[in-house]
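Asks: here is the input, now give the coordinates:
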Amino acid sequence: MVVRSRRPTLAGELLVLQLAIVVVVLVAVAAVSLAQSEATFDRVEGRRVTALAEEMAGNPLLRTQLVLPAPGEVLAPLLQTTRTRSNVTSVTVADADGEIVAATNPTLVGTRLPVEGANVARARGWSGELAVAGGRELVAQAPVLAEHVDHVGEHIGTVMIGRASPSVWQRLSGASSYLLAYLGTASVLGVAGSWLLARRIKRQTLGLEPREIAGLAEHREAMLFGLAEGVVALDPRLRLTLVNEVGRALLDLPENCVGMSLADLGIEGRLYDVLAGTGGDRGAGQRDEVVVRRGRVLVMNRMEVTKDGRRLGSVTTLRDRTELARMERELGSFRSSTELLRAQAHEFSNQLHTISGLIQIGEHDEVVRYVRALRKHRESLDLTLTSRVRDRAVAALLMAKSALAAERRVQLRISERTALDRLEPMDSADVATVLGNLVDNALDAAAASERADGAWVEVELSQDASCVEIVVRDSGPGVAPELAQEVFSHGFTTKAAQGGVRGIGLALTRLVCTRRGGEVSVTNTETGAVFTARMSVGRPAERETEEIR
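Replies: Residues are numbered from 1 along each chain as shown. This next block holds a predicted model:
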């Protein structure tokens, strides 16, 4: 059975580390204290032994006896008295040649005086540390000058007084009265601080150990950067705390965006409202919000993040719906054809029922007049569209919308000022997309209105050398002034003025116009809303010389 050793916890590791730091600091404090003690000893004792050496060098007895033969016997009591009274380690006297003639240590008599530097040789004083009798002493050397009338000022000897330097233990013992108290206090404070710091860090890391935190970080990186959706996290101050590569690309953010606020990044308008949660109930999540950002149609979901009743920020996911919008645009023509066939089938069914009823009651003349009226209306509509709208895709779209409008009891009118030539296929597709979305919204608004003179929608198309203008008017209730710009940035339909329904039609309309260097806007008139869209197009396609009838 293999017993695995228990790995130390984060709090334990921090406590050990802090204790090691405390020990190092204490050792450093002790070293500094010893250095200060040594400096103080050298300064104070150096001055004292220097003064003693100078005082003894000026002693008349010493000056008199030093020039006589065998002065050691006479000077020995003076040296011992000075040593005992002054509490010094050694007192030594040498003649002019540097030979020791008297000393408190008899073994030094007859040896050479240890001289440091040339000051003593030039009858000058000196102080410092020297090795004396196998030990280190702080010594002071002072010259002895003759006082005899014939030899006044002559260098006749040297006095050296030494004080043994205390050991490290002696210095610690001397400083124990305050040093131990300081070190003990520092140790207690350091241990207590280390313990409190370890507890605080353990609380902040939610009790997780370093390996667990590293594992969570690795899993987070793998999860966030493995998603096909963008992820943006904000703190309560609306600063980015996290964004993956997909989110940064979708929002076109710089690489160093983490830590910057939304205002610093230049995010405003609809995108700011969704990310900051200022557009609705901040306590609830915002689902499937449509935002147009620099040519992309984004669907965003925002959720608040809270813990223990404290708001930590928010997380928003982003999905790029631009490709889906493009596919919807490509399928628009198929939907229009399907709707046209369905509406026409419904219309033909109603007409056949009417003709069948007239025949059954024997009103044959009325049947003829009814059929002629239907043919005349059809020829009038075909003539209007073919004469004013020469692009077949756009004309077919208007035919389909006309059938849908009739089914919903809305009159679709083509303005007399309408004039549109043949377009390039890509231009025609974009014009049809914008026109279809605007007409659909206008039909919704007009059908919901209750007008005594009937509901209607009017379309006006105009074209110059490089631009197509689309104007769609309706008899609906109009768009609320506060939503005049938001209907495009939010992706609202015209129903937003009444019920706040969201869609992608107007957002796609604005996207197509913006990509083609144009714009789309809405205004209100007495009769309803007026949507105006402009976009640049290529050169008109060459007209066919003959039309196939």
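
Asks: centroid residue for this structure?
Replies: residue 259 (1.6 Å; Cα atoms, centre = their mean).

Asks: adjacent strands (with direction) for the helix or strand where residue 129 lies?
Replies: Element membership for residue 129 (DSSP states H and E) is strand 126-132. Sheet partners assigned to strand 126-132 using DSSP bridges are listed as strand 135-145 (antiparallel).

Asks: helix or strand right after the strand it pairs with?
Replies: strand 155-164.

Asks: and the residue nearest to the centre of the chain, which of the three is it?
Replies: Here residue 259 is recorded as coil under DSSP: H, G, I helix; E, B strand; the rest coil.

Asks: the nearest residue to residue 428 once chain neighbours are set aside: what's it in contact with?
Replies: Closest residue to residue 428 apart from its sequence neighbours, by Cβ to Cβ, 6 or more residues apart in numbering: residue 393 at 4.6 Å. Any C-beta I mention is one placed from the backbone N, CA and C, and that applies to glycine too. Neighbouring residues of residue 393 by Cβ atoms under 8 Å, 6 or more residues apart in numbering: 333, 423, 428-429, 432.

Asks: between which two of those is the distance greatest?
Replies: 333 and 423 (14.1 Å; Cβ to Cβ).

Asks: quick one: which of these two has more around it?
Replies: Shown here are residue 333 and residue 423; by other Cβ atoms under 10 Å, residue 423 has more neighbours (24 against 17).

Asks: separation between the more buried one and residue 393?
Replies: To residue 393, residue 423 is 8 Å away according to Cβ to Cβ, to the nearest Å.

Asks: and residue 389, how many neighbours?
Replies: Neighbours around residue 389, by other Cβ under 10 Å: 23.

Asks: give me phi/psi at it?
Replies: phi -120, psi 100 (degrees, to the nearest 10).

Asks: give the bridge partners for it, please.
Replies: residue 420.

Asks: what segments of the chain are helices?
Replies: Ranges of helices in the chain, per DSSP state H, are 10-57, 60-65, 72-86, 168-204, 210-224, 245-251, 269-276, 322-360, 364-388, 392-407, 425-448, 486-489, 505-515.

Asks: contacts for the second one?
Replies: So that's helix 60-65. 56, 71, 74-75, 78, 93, 144-147, 156-157, 159.

Asks: again, only using 10 Å
Replies: Helix 60-65 has contacts (Cβ atoms under 10 Å, 6 or more residues apart in numbering) with 56-57, 59, 71-75, 77-79, 93, 101-102, 144-148, 156-157, 159.

Asks: which among those residues end up buried?
Replies: 56-57, 59, 71-72, 75, 78-79, 93, 101-102, 144-146, 156-157, 159 (16 or more other Cβ atoms under 10 Å).

Asks: residue 256: how many residues sit nearby?
Replies: 7.

Asks: same thing with residue 458?
Replies: Neighbour tally, residue 458, other Cβ under 10 Å: 20.

Asks: same check, this time on residue 31
Replies: Counted with other Cβ under 10 Å, residue 31 comes out at 10.

Asks: go on, residue 449?
Replies: 16.

Asks: who are the neighbours in contact with the nearest residue to residue 154 once chain neighbours are set aside?
Replies: Closest residue to residue 154 apart from its sequence neighbours, by Cβ to Cβ, 6+ apart: residue 146 at 4.2 Å. If a contact means Cβ under 10 Å, 6+ apart, then residue 146 has 63-64, 66-67, 96, 152-157 as its contacts.

Asks: just give me the closest of the residues you listed to residue 446.
Replies: residue 155 (128.3 Å).

Asks: who does the closest one bridge with?
Replies: Beta-bridge partners, per DSSP bridges, of residue 155: residue 145.

Asks: how close does the spatially closest residue to residue 257 that is not a sequence neighbour get to residue 306?
Replies: Leaving aside its sequence neighbours, residue 257 sits nearest to residue 240 (Cβ to Cβ, 6+ apart; 5.5 Å). Distance of residue 240 to residue 306, computed by Cβ to Cβ: 19 Å.

Asks: so which of the two has more stuff around it?
Replies: residue 240 (24 against 11).

Asks: how about the more buried one, what does it touch?
Replies: Residue 240 neighbours (Cβ under 10 Å, 6+ apart): 232-234, 247-248, 251, 253, 257-262, 264-265, 267, 275, 313.

Asks: the residue nearest to the centre of the chain reaches residue 239, doesn't it?
Replies: Yes. With contacts counted by Cβ atoms under 10 Å, residue 259 reaches residue 239, the gap being 6.2 Å.

Asks: end-to-end on stretch 237-253?
Replies: In stretch 237-253, first residue to last residue: 18 Å (Cα to Cα, to the nearest Å).

Asks: now do stretch 353-373
Replies: Distance between the two ends of stretch 353-373: 16 Å, counting by Cα to Cα.

Asks: next one: stretch 417-433
Replies: Counting by Cα to Cα, the terminal residues of stretch 417-433 are separated by 21 Å.
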